[in-house]
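Chemist: sequence unknown, structure follows:
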C-alpha cells in the first residue's frame, strides 16, 4: 500500500484547501482511509475518516461543519476539503490506511497500518 498526500500550503484564516490522498491501486477496496494531523510539540490526532464498506464518515469535533472527507474509488483517491481554516489547523496532515475498518476506531492513529509522508498546512495572516 502506498499513499501520497498533496494539496497543502499556506492559506489565510477563513480560507480553504483541498487535500488529496492518492492510494495505490485497489487500496480503497480493502482499507478505510483516515486523515490525521500533527502540530509541532503535539501528538498526532485524528481529523476525519471514511470507512471501507459503506463510506461512513467520521470527524473530530474540532473540524465538524468545516471539513468534508470524500473518496473517488475509480481514482483511488480520498479528499479532505477544508473550509473556514483557523490558525489552530496548522499542522502536517497525513493520510493512512486501515485494513480492519472497525467502527468507532477510525480516528485512532494506532489502528492504521500504512501512512503517507504528509503535507504541510499553514494557516496564517
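Modeler: On my side now, so go ahead. Remember, predicted model here, so these are calculated numbers, not experimental data.
Chemist: now do the helices in the protein.
Modeler: For the chain, the helices defined by DSSP state H occupy 27-30.
Chemist: helix or strand with the lowest mean pLDDT in it?
Modeler: In the chain, the helix or strand scored least confidently by mean pLDDT, DSSP states H and E is helix 27-30, which has a mean of 94.
Chemist: show me what counts as buried in it.
Modeler: Of the residues in helix 27-30, 27, 28 count as buried by neighbour count, 16 or more other Cβ atoms under 10 Å. Where you see a C-beta, it was placed from the backbone N, CA and C, and this is true even at glycine.
Chemist: show me what contacts residue 32?
Modeler: Contacts here follow Cβ atoms under 8 Å, 6 or more residues apart in numbering; on that basis residue 32 touches 49, 50, 51, 52, 97, 98, 100, 101, 106.
Chemist: show me what contacts residue 5?
Modeler: Residue 5 touches 19, 20, 21, 22, 93, 94, 95, 116, 117, 118, 119, counting by Cβ under 8 Å, 6+ apart.
Chemist: which residues does the residue positioned nearest the centre of the chain contact?
Modeler: Geometric centre of the chain, nearest residue: residue 35, 2.0 Å, by Cα atoms, centre = their mean. Contacts of residue 35 were listed using Cβ under 8 Å, 6+ apart, and they are 19, 21, 46-49, 69, 78, 80, 93-96.
Chemist: please enumerate residues in contact with stretch 77-86?
Modeler: 11, 13-23, 28, 33, 35, 47-48, 50, 63, 65-72, 89, 93, 95, 121, 123.
Chemist: at 6 Å instead, please
Modeler: Contact partners of stretch 77-86, identified using Cβ atoms under 6 Å, 6 or more residues apart in numbering, comprise 11, 15-22, 33, 35, 66-71, 123.
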